[in-house]
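In: Fold the following.
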Amino acid sequence: MNTETPKGDRIAKVLARAGVASRREAERMIDAGRVTVNGKKIESPALNVTDKDRITVDGKPLAEPEPERIWLYHKPTGLVTTNKDEKGRETIFDHMPEGMPRVMTVGRLDLNSEGLLLLTNDGGVKRKLELPSTGWLRKYRVRVNGRPADNTFAPLRKGVSIEGERFQPMEVSLDRQQGANAWVTIGIREGRNREIRRAMETVGLTVNRLIRVSYGPFQLGQLKQGEVEEVRRRVVRDQLGLDGATPPEARKTPQRKRRR
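Out: Numbers count the residues shown, from 1 in each chain. Coordinates of the predicted model:
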């Protein structure tokens, strides 16, 4: 019995690494017959390839994979976080700066949410940063209608169940009251669909503004709405544990340059 592990990487991973699409999208492209390996159309993503294999997508040779890159983007409200919207609404990709390469979003922000959204050219990076096991804390500044007390948020700190869906405990701090509204800082590690808005409704509060200010070590800082800024290569290497990364004990928290 041959138990030898096939050499190379799965074809969907290679396509994602080359920035063609996410792994899931790459699998759909394979199912649609758009990918060939060494001149033969493949029908299943269960195939390992190496750098010696000739891969084409829609008849075009696969480009050499670029280094993993990450950008910070300050998403404004009113834009959808998708490549194409079935309702014809404007997407974040309609407003990317000229010259941006093909990028994918790390997670999403709702139409009416704003703040930090990470972009990457690499499907493997996208998947890694979205996995709950990565455990990066996402912080939000949230404005709610009402006059909550600190103990209002006790259920959220313990974790709540909404319509049968269990939400992990949140980090919640009451910052200040501003007229009929209060500002709250919230930290979560999962980022489920409309998680914060739904959780706030369970304690009788309505969110009327939601701004993501950080995603793991990456900070929104002074980035203005609609602006995009690339993360330095060294920081990307260190945070993702890539070849050439600085040893953990020698790392510093990534700091963005302040604009003058």
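
In: What residues of stretch 7-24 count as buried?
Out: For stretch 7-24, burial by neighbour count (16 or more other Cβ atoms under 10 Å) applies to 9-23. (Glycine included, C-beta is placed from N, CA and C.)

In: now, which of these sits nearest residue 29?
Out: Of all those, residue 21 has the smallest distance to residue 29: 6.4 Å, by Cβ to Cβ.

In: So that closest one belongs to a strand, correct?
Out: No: using DSSP: H, G, I helix; E, B strand; the rest coil, the assignment for residue 21 is coil, not a strand.

In: residues in contact with it?
Out: 15, 29, 123 (Cβ atoms under 8 Å, 6 or more residues apart in numbering).

In: can you redo the residues you listed as CSV with pLDDT?
Out: Below are the contacts of residue 21 laid out as CSV (pLDDT from 0 to 100):
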residue, pLDDT
15, 87
29, 92
123, 81
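
In: From the residues you listed, which land in strands?
Out: Among the contacts of residue 21, none falls in strands (DSSP state E).

In: closest to residue 169 among the residues you listed?
Out: residue 123 (30.6 Å).

In: thought that closest one was touching residue 26?
Out: Yes: Residue 123 lies in contact with residue 26 (Cβ atoms under 8 Å); the separation is 7.2 Å.

In: Find the residues that touch each one of those two.
Out: Common contacts of residue 123 and residue 26, defined by Cβ under 8 Å, 6+ apart, comprise 15, 16, 20.

In: So residue 142 belongs to a strand, correct?
Out: Yes: Residue 142: assigned to a strand according to three-state DSSP.

In: sec struct for residue 201, please.
Out: Once three-state DSSP is applied, residue 201 turns out helix.

In: follow-up on the earlier one: could I get the contacts of residue 21 as a markdown table with distance to residue 92?
Out: Output for those, formatted as a markdown table (distance: Cβ to Cβ, whole Å):
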| residue | distance to residue 92 |
| --- | --- |
| 15 | 23 |
| 29 | 22 |
| 123 | 18 |
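
In: Residue 37 versus the residue lying closest to residue 20 once chain neighbours are set aside, what's the distance?
Out: In space, residue 20 comes closest to residue 57 once its chain neighbours are excluded; the distance is 5.8 Å by Cβ to Cβ, 6 or more residues apart in numbering. Residue 57 sits 11 Å away from residue 37, going by Cβ to Cβ, to the nearest Å.

In: can you check residue 205 too?
Out: 54 Å.

In: Who has more neighbours out of those two?
Out: residue 205 (21 against 17; other Cβ atoms under 10 Å).

In: got a list of what the more buried one touches?
Out: 144, 145, 146, 148, 152 are the contacts of residue 205 under Cβ under 8 Å, 6+ apart.

In: part of a helix, is the last one?
Out: Yep, that's residue 152 we're talking about. Yes: assessed by three-state DSSP, residue 152 belongs to a helix.

In: what's around it, how many residues?
Out: By other Cβ under 10 Å, the residues close to residue 152 number 19.

In: if I read this right, it contacts residue 203, doesn't it?
Out: Yes: applying Cβ under 8 Å as the test, residue 152 and residue 203 come out as touching, 5.4 Å apart.

In: The protein: helices as residue ranges?
Out: 11-17, 23-31, 123-130, 154-158, 195-202, 233-240 (DSSP state H).

In: just those helices: most buried one?
Out: Most buried of the helices of the chain, by mean neighbour count (mean count of other Cβ atoms under 10 Å): helix 11-17, with a mean of 24.

In: Thanks again, I'm all set now.
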